[in-house]
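this one's sequence-less:
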């Protein structure tokens, strides 16, 4: 297994992301998966992590750690905008 | 200082919650404040925590820990519904 097992949460159908997380642990045999999101998708990242770890991988995967942070960038009008980010690390028990 | 310094995030204006957190640390001299939310308000709880700790209380308050969980309840139609929750604990440095 190489590379970084990150899943970025966006606007695709919810179950796409859940399946993505579950498959990293099962088919790809990952030991750790990081669920990442920004802004309004943060709630969704928590939902994906909860559903994947409690409904699909119950007893085998748990939350290792959660980090929140902020990113700043300039929008088209040249104004500085702040957006929150989250990283939820799920780990095989 | 008695009681539990929790701020529940909902649909009120954003700055109400930021002010609430900041005032717990300043006026009420709390050592620790817990920002809680459910469902779609989770993104907002992260925003409130980031803005309060980085813009208003920068250097004096930091994130101590973050917990995510799920709650199940029955809706009006008798169907079991799952909702994610978050608790972000901010602590005086």
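Cool, the structure landed. Fair warning: this is a prediction, and the values are worked out from it, not measured in the lab.

what does chain A have sitting close to chain B?
Within chain A, the residues that sit near chain B (C-beta under 8 Å from any C-beta of the partner chain) are A:39-43, A:46-47, A:49-51, A:54, A:63, A:66-70, A:82, A:84, A:86, A:88. For the C-beta atoms, the positions are set from N, CA and C on the backbone; glycine is no exception.

hmm, try it at 7 Å
Contact residues, chain A versus chain B (C-beta under 7 Å from any C-beta of the partner chain): A:39-40, A:42-43, A:46-47, A:49-50, A:54, A:63, A:66, A:68, A:70, A:84, A:86.

which SSE is the residue nearest the centre of chain A in?
The residue lying closest to the centre of chain A (C-alpha atoms, centre = their mean) is residue A:35, at 1.5 Å. Assigned by DSSP states H and E, residue A:35 belongs to strand A:32-38.

tell me the strands beside that strand, with direction?
The strands beside strand A:32-38 in its sheet (DSSP bridges) come out as strand A:6-8 (parallel), strand A:80-92 (antiparallel).

now do it, average pLDDT.
For strand A:32-38, mean pLDDT is 97.

so after that strand, what's the next helix or strand?
Per DSSP H and E, the first helix or strand lying C-terminal to strand A:32-38 is helix A:42-50.

and that following helix, what does it pack onto?
Counting contacts by 3 or more C-beta pairs under 7 Å, 6 or more residues apart in numbering or on different chains; DSSP states H and E, helix A:42-50 is packed against helix A:14-25, strand A:32-38, strand A:80-92, helix B:42-50, strand B:61-74, strand B:80-92.

okay if I get those as JSON lines plus distance to residue B:5?
Listed next are the helices and strands packed on helix A:42-50 as JSON lines, based on distance: least, C-beta to C-beta, whole Å:
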{"stretch": "helix A:14-25", "distance to residue B:5": "34"}
{"stretch": "strand A:32-38", "distance to residue B:5": "27"}
{"stretch": "strand A:80-92", "distance to residue B:5": "21"}
{"stretch": "helix B:42-50", "distance to residue B:5": "13"}
{"stretch": "strand B:61-74", "distance to residue B:5": "12"}
{"stretch": "strand B:80-92", "distance to residue B:5": "9"}
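
and among those, the most buried is which?
Across the helices and strands packed on helix A:42-50, averaging neighbours per residue (mean count of other C-beta atoms under 10 Å in any protein chain shown) puts helix B:42-50 on top, at a mean of 26.

point out where chain A drops to low pLDDT.
The model of chain A has pLDDT under 70 over residues A:1-3.

mind doing that once more with 90?
Applying pLDDT under 90 to chain A picks out residues A:1-4, A:59, A:73, A:75.

adding distance to residue B:23, write the strands paired with strand A:32-38 out as JSON lines.
Listed next are these as JSON lines, based on distance: least, C-beta to C-beta, whole Å:
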{"stretch": "strand A:6-8", "distance to residue B:23": "36"}
{"stretch": "strand A:80-92", "distance to residue B:23": "21"}
